[in-house]
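J.: sequence and computational prediction follow.
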Amino acid sequence: MANITLGKDNNHSTTEIPNRFIDEYMAGANGEFVKIYLYLLRCMNAPGCSFSISATADRFDHTEKDIQRALKYWEKMNLLRLEYGEDRSISGIYFLDSDAASPKNDAVPLKKADTPVIKNPRPEEYGCENRKAACGNSASLPQKPSYTADHLAAFQEKEEVRELLFVAESYLGRPLTSTDIQTLLYWYDGLGHSTDLIVYLLEYCIAGGHSSLHYMEKIALSWKDSGITTVTQAKQNVNTHSQLHYAVLKSLGIQGRNLIPAESAYLETWSKELGFSQDMITEACSRTILTIHQPNFEYTDRILRNWHRQNIRTAADIRKADASFQAAKTAEKSARSASVRTAAANRFNSFPQRTYNLEQLEAELLNSAH
């Protein structure tokens, strides 16, 4: 196909877009986020242009939270820096040098920004209150229902549900299927998770390379079972799990790969079902390597279950159990040695013994002298 020539026949005002944004950032971003970034550039190049989150939301038929989410995304990509007022509302937006930014590393420190290009004359409220969810430890988790068309229509009348579905579609990078929507509504309605908590779950899993809602649902169920109701609690849970994950990898000498789901399930059992601390779990891993010289989760599981049966919960308990084991081993060895000595003595005494008549021996001796 022949090349297409591009040209223009007007001198209208224009908005300059950095080539690097087009080459490295645009293709990997959600389309709605790209729109917001381009609109910010437009505002920057328009003298006297004012910007507010509410007006931008109206312009693009989004919610204010959608706009805030787009701004935060570009901040993570190091193309923007956001400033906040005392009420945690966005009060300023700074464009950063896209040539100095790194789209592949969110942890790169932000460089000093130029003069602020956009200020909110009347800062908008940041975020919204979480939906209260009655969620606690439960022996049996709620069954996954099948929502009817009427149920779905009723749910989508709620703004927070519409936002949730939009965000999920943005993170997954594809239209939601009816099964996807049923799953998300189950987390929201059946498990009682707030939309903020579900959005964090999506962010956490997508960032970790897991885009399967089936995978995410296992975590959602785990959070429900653990009584996790807020994003703060979820972050603490994630940090604890991550620390245990890497501690086990290190203790077992596993390098160059992550744990597979079956192995991760062991960690969940050891920490949640059996209630062992990270130190106890890593000690069991170390003993596995010292004993069989290779990582083996089944062997480690046997060690921990044996400790659980004996109510061994701390390092002091381990030392006490080790001392008892060594004492029993020494006693058994001593008993075996004593048994060997007794058996040897018995073998000596078991030879046939002769009986002698002393008077007869004396007579035989006298006769031999003659």
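T.: Cool, the structure landed. Numbers count the residues shown, from 1 in each chain.

J.: how close does T229 sit to H210?
T.: According to Cβ to Cβ, to the nearest Å, T229 stands 22 Å off from H210. The way it works is simple: take the backbone N, C-alpha and C, and place the C-beta from them, glycine included.

J.: and those two? which has more neighbours close in?
T.: T229 (20 against 13; other Cβ atoms under 10 Å).

J.: if I've got this straight, that one is in a strand?
T.: No: counting by DSSP: H, G, I helix; E, B strand; the rest coil, T229 is located in no strand; its state is coil.

J.: quick one, phi psi at it?
T.: With angles defined as degrees, to the nearest 10, T229 sits at phi -120, psi -10.

J.: hang on, isn't it packed against L191?
T.: No: judged on Cβ atoms under 8 Å, T229 makes no contact with L191 at a distance of 10.2 Å.

J.: flag the shaky bits of the stretch 1-150 of the chain, pLDDT-wise.
T.: Applying pLDDT under 70 to the stretch 1-150 of the chain flags residues 1-13, 46-50, 98-140.

J.: where do the strands of it begin and end?
T.: Per DSSP state E, counting those that start in this stretch, the stretch 1-150 of the chain carries strands over the ranges 80-84, 90-95, 118-119.

J.: for the ones you listed, which one sits closest to E16?
T.: strand 90-95 (11.5 Å; Cβ to Cβ).

J.: would you mind pulling up the elements that that closest one packs against?
T.: helix 31-44, helix 64-76, strand 80-84, strand 118-119 (3 or more Cβ pairs under 8 Å, 6 or more residues apart in numbering; DSSP states H and E).

J.: what's the angle between that strand and strand 80-84?
T.: 160 degrees (axes from the mean of the first three to the mean of the last three Cα atoms, to 10 degrees).

J.: alpha carbons only: can I get strand 90-95 in PDB?
T.: The C-alpha atoms that make up strand 90-95 are tabulated as PDB, following Å, rounded to 0.1, in the frame of the first residue of the first chain:
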ATOM      1  CA  ILE A  90      -5.600  18.300  44.100                       C
ATOM      2  CA  SER A  91      -4.500  21.900  44.100                       C
ATOM      3  CA  GLY A  92      -1.800  21.900  41.400                       C
ATOM      4  CA  ILE A  93      -0.700  19.900  38.400                       C
ATOM      5  CA  TYR A  94       2.900  20.100  37.100                       C
ATOM      6  CA  PHE A  95       4.100  18.800  33.800                       C
END
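
J.: okay, the angle between it and helix 64-76?
T.: Using the same axes, to 10 degrees: strand 90-95 against helix 64-76 is 40 degrees.
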